[in-house]
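Trainee: give me a model of this one.
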Amino acid sequence: MNKKVVVIYSGGMDSFTVLNQAIQQGYQVFALTFNYGQRHVKEVEVAKAFCQRQNINHKVIDISAINEIIAGSSLTSDIDVPTGDYDNDNMASTVVPNRNMILLSLAIGYAVSIKAEKVFYGAHSGDHLIYPDCRPEFVEQMNQVAAIANFEKVTIETPFLHSSKIEILQAGIEMKLNYGDTWTCYNGREQACGQCGSCIERLAAFAHFGETDPLSYE
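Mentor: Purely as a prediction, here's the structure:
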């Protein structure tokens, strides 16, 4: 039987690529999506729809109650999502305090319960400056904790930790993935805004390869 792994799958480009890579590598994938009260909750619906079409084991977990104690991010609170380039000064308001530590803790618990050996998540190099919980030192320390938090050792895997968005898209193109099955925009509207840092970074990656992004933009 194929080895079981848990993939934290937001519905965005990075986790979508990680998810499909794990499947193509022969793992038995259990996708885990979290509704943490993000305004771009559309990504959850996109993730759900893709997993249903592909018959992927998938759970959507509602942890939106954490917003009662974790606030101040433009992704979860009544704060405008910034527009412009994806840099530290501009995107600082999109940091959700301790998000990945919370999500990884739950995913590790899930992995132990189903006897999975690994938890994958889609941190990449473009996140390092802005998001502390996507940095190599965070992943390293969380791996040490994961090794001792349970009797069963679970390894955290971040295949694109040192890769750019362009390199992630390149991997997806080589796997012939359809990125129309993803959602990146930080605004939760019907179409992607094309102006937030997340959209700009995505569009720049497609432009690098002379490709047209399959998503519809305002």
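
Trainee: for Met13, see how far away Pro132 is.
Mentor: Distance of Pro132 to Met13, computed by Cβ to Cβ, to the nearest Å: 21 Å. All C-beta spots, glycine's among them, are computed from the backbone N, C-alpha and C.

Trainee: and the end-to-end length of stretch 21-30?
Mentor: The first residue of stretch 21-30 is 13 Å away from its last residue (Cα to Cα, to the nearest Å).

Trainee: can you give the contact residues for it?
Mentor: Residues outside stretch 21-30 that contact it (Cβ atoms under 8 Å, 6 or more residues apart in numbering): 1-7, 19, 56-59, 110, 114, 116, 118, 120, 159, 171, 175.

Trainee: picking up where we left off before, of Pro132 and Met13, who's got more company?
Mentor: A direct count of neighbours by other Cβ atoms under 10 Å for Pro132 and Met13 places Met13 higher, at 27 against 15.

Trainee: for the more buried one, which non-adjacent residue is closest in space?
Mentor: The shortest distance from Met13 to any non-neighbouring residue, by Cβ to Cβ, 6 or more residues apart in numbering, is to Thr182 (5.1 Å).

Trainee: how many neighbours does that neighbour have?
Mentor: Neighbours around Thr182, by other Cβ under 10 Å: 24.

Trainee: give the buried residues for the helix or strand hosting Glu137.
Mentor: Per DSSP states H and E: Glu137 is located in helix 136-148. The neighbour-count check on helix 136-148 (16 or more other Cβ atoms under 10 Å) flags Phe138, Val139, Met142, Asn143, Ala146 as buried.

Trainee: which other residues reach it?
Mentor: Contact with helix 136-148 is made by 100-101, 104, 108, 119, 123, 128, 132, 153-156, 158, 161-162, as judged by Cβ under 8 Å, 6+ apart.
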